[in-house]
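[1] This is a predicted model, with the sequence first.
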Amino acid sequence: MFKLFFSILLLVVLSCPLFSQNARLLDLDNERAYRLIELIKERGHLQNLNPVKLPYAVQQVNNGLDDISTDNLSELEREWVNQLKEEVAFSEEELAKEYLIEPYLLNATEINNTDRKNVYRPRNNELFVWPFGEVGSFGDFGNFSLKANVHFDLYYEFGLDGIDPTNRLYIRNENSYVGYKSKYFSSYLGRIESSWGQFNRNSTFLTPNALPFDQFQYTVGTNKISFNSLNGILDNVDA
């Protein structure tokens, strides 16, 4: 049975054509893109996106946008679609390349009223300022994507989470992975921010504050029916 499964899996992988930038993930840190996705989904579009399996692949979002007929949209809906395309669409030059390497540099500051970044609700009314920076690169070749980065965050040094501040690393790698995605199969290995709830919505057991963790995941199937498996490590506890 084990050999049969991997024989079928190999056949699925090898029989699928290569599409550049197919496996790149849309990081959950991109709140603007995900808020636009939620607005558009509420109007009945982007139904190819599973609302409780995040993050999405960039190409998944692009495929959903291609299915939207802008002729039937209101002016506001058309603006949402255009803004989302600005966030996720690849240029014709990028799509024509056999491979794509994109280095990037990010510098920003997070301000909130909690001494912990990821909590269910604010703990107090005092303001906290957490500057952070990131340097990294995307790499895409056919159905394969690679993302690697180093992430510096002041919270790593002064935040409450951790045993001994003197032993913490100033620099980590967050949302780094190697991935493969085709029509019927996808697989990712790395440190990925994942969520099984709707974006930015609380539920009884799930929080919208998704954290990156080391994981290996794969999916076999289509948008309508699929088998998903995920193995990860959460604070030294196998999940």
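    Thanks, I have the structure now.
[2] could you show me where the helices are in this protein, in order?
    Taking DSSP state H, the helices of the chain run over residues 2-14, 31-42, 58-66, 75-88, 92-96, 154-158.
[3] Report the angle between the longest one and helix 31-42.
    Taking axes from the mean of the first three to the mean of the last three C-alpha atoms, to 10 degrees, helix 75-88 and helix 31-42 form an angle of 140 degrees between their directions.
[4] Please work out which residues outside helix 75-88 touch it.
    The contact list for helix 75-88 (C-beta atoms under 8 Å, 6 or more residues apart in numbering) reads 26, 30, 32-33, 36-37, 39-40, 43, 58, 61-62, 65, 68, 70, 73. From N, CA and C alone the C-beta is placed, and that goes for glycine too.
[5] Could you say which of the helices of the chain is packed most deeply?
    Scoring the helices of the chain by mean neighbour count under mean count of other C-beta atoms under 10 Å gives helix 58-66 as the most buried, with a mean of 19.
[6] Can I get that one as PDB, trimmed to CA atoms?
    What follows is helix 58-66, C-alpha atoms only, in PDB (Å, rounded to 0.1, in the frame of the first residue of the first chain):
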ATOM      1  CA  VAL A  58      -0.300  33.300  -4.700                       C
ATOM      2  CA  GLN A  59      -1.300  31.500  -7.900                       C
ATOM      3  CA  GLN A  60      -4.500  30.200  -6.200                       C
ATOM      4  CA  VAL A  61      -5.600  33.800  -5.700                       C
ATOM      5  CA  ASN A  62      -4.600  34.800  -9.200                       C
ATOM      6  CA  ASN A  63      -6.700  31.900 -10.600                       C
ATOM      7  CA  GLY A  64      -9.700  33.100  -8.600                       C
ATOM      8  CA  LEU A  65      -9.300  36.700  -9.800                       C
ATOM      9  CA  ASP A  66      -9.100  35.500 -13.400                       C
END
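[7] and the angle from that helix to helix 75-88?
    Interaxial angle of helix 58-66 relative to helix 75-88 (the same axes, to 10 degrees): 150 degrees.
[8] Find the residue ranges of this protein scoring beneath the pLDDT cut-off.
    Applying pLDDT under 70 to the chain flags the ranges 1-21, 92, 114-124, 157-171, 200-209, 235-239.
[9] Count the residues that sit near the residue nearest to residue 186 when sequence neighbours are not counted.
    Computed as C-beta to C-beta, 6 or more residues apart in numbering, the closest residue to residue 186 that is not its neighbour in sequence is residue 219, at 4.9 Å. By other C-beta atoms under 10 Å, 18 other residues sit near residue 219.
[10] how about residue 219, what does it touch?
    Residue 219 neighbours (C-beta under 8 Å, 6+ apart): 185, 186, 187, 226, 227, 228, 229.
[11] cool, and residue 40?
    46, 68, 77, 80, 81, 84.
[12] just to revisit the earlier point, Serialize the contacts of residue 219 to TSV and add fields for neighbour count and distance to residue 174.
    Shown next, in TSV, are those (neighbours: other C-beta atoms under 10 Å; distance: C-beta to C-beta, whole Å):
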residue	neighbour count	distance to residue 174
185	20	26
186	21	21
187	18	20
226	14	27
227	8	28
228	13	23
229	10	23
